[in-house]
Each structure stands twice: as C-alpha cells, then as structure tokens.
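**Q** Turn this into a model:
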Amino acid sequence: MSGHSKWSTIKRRKGAQDAKRSNEFAKLLRAVEVAAREIVPGDLLLLEAGDRASADARVEEVFSLQVEEAALTGESLPVEKQAEALPGDELPVGDRRNMLYAGTTVTYGRGRAVAVAS
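**A** Numbering: from 1, shown residues only. Here you go, the predicted structure:
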C-alpha cells in the first residue's frame with residue numbers, strides 16, 4: 001500500500017468515526033443556581049454546609065448531611081439525614097430523617113434531594 005492510500009484510508013476512518021460521534025447524545029446533570037421562587041416539585045436540589053433549604057424535599061443522597069431543624073422540632077442539635085425510606089406513613093416531622101424542610105439550614109456535609117413542595 002502506498003503512503004498516499006494508507007493516509008486516505010486513515011482519514012476516511014476518522015471521518016466516519018466523527019460522523020458517528022455527531023449522532024450520539026449524552027445525558028448531563030449540570031448544577032445551576034436559580035432563585036428559590038423558581039423551584040418546582042421534581043427539581044433536584046444540591047446542598048452543602050451553610051445552604052438553606054429553599055423547598056421541602058425528599059433526601060436522595062447524603063454524605064454526612066446534618067440539618068438544623070430547631071424552628072420546626074425544637075431540637076437543639078442538628079439532625080443527621082438519610083436517604084433510605086422510613087417505615088410508616090404518618091411519622092412526626094422530627095422523625096422524618098429522609099426529608100428536608102424549607103427554611104432549615106445544612107450545618108454539615110452535603111446531599112442531594114428532590115423538591116416535593118415549594
């Protein structure tokens with residue numbers, strides 16, 4: 001094979017790969033900041049220490065997430081949150097360790113939650 005035809009073959013393969021790649025799609029999750037009033041149920045909230053929860057939300061993922069809920073529960077210490085489902089349908093607010101409530105503050109860790117009410 002001559003040098004010219006080898007180069008043409010490589011160039012054609014690269015062109016075919018580029019064309020194939022241009023028809024592919026990727027699903028992305030990008031963090032953007034929005035005004036709290038724009039949050040709607042189903043939005044994904046990313047939270048870290050110092051953040052205030054802008055909506056009631058179901059915790060989906062935690063990394064040592066602790067939240068101060070004194071205004072709701074009277075509990076003076078931050079509450080450690082969890083992502084696992086809890087038994088029972090009518091748990092008191094203070095026992096809902098997989099929920100965040102608007103106006104509460106993350107004191108430690110980080111997490112991800114899905115807004116259920118705004």
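**Q** Any regions of this protein where pLDDT drops low?
**A** Along the chain, the model assigns pLDDT under 70 to residues 1-22.
**Q** can you map out the helices along it?
**A** For the chain, applying DSSP state H gives helices covering 3-22, 70-73.
**Q** from memory G111 sits against L44, does it?
**A** No. Counting by Cβ atoms under 8 Å, L44 is not a contact partner of G111; they are 11.0 Å apart. No exception for glycine: its C-beta is placed from N, CA and C like everyone else's.
**Q** Those two: which is more packed in?
**A** Counted by other Cβ atoms under 10 Å, G111 and L44 do not tie: G111 has more neighbours, with 24 against 14.
**Q** Any idea what that one is bridged to?
**A** L47, V62 (DSSP bridges).
**Q** Enumerate every residue touching it.
**A** By Cβ atoms under 8 Å, 6 or more residues apart in numbering, the contact list for G111 reads 47-48, 59-63, 65, 81, 83.
**Q** And those residues, which is closest to D89?
**A** Nearest to D89 among those: V59, at 17.2 Å, using Cβ to Cβ.
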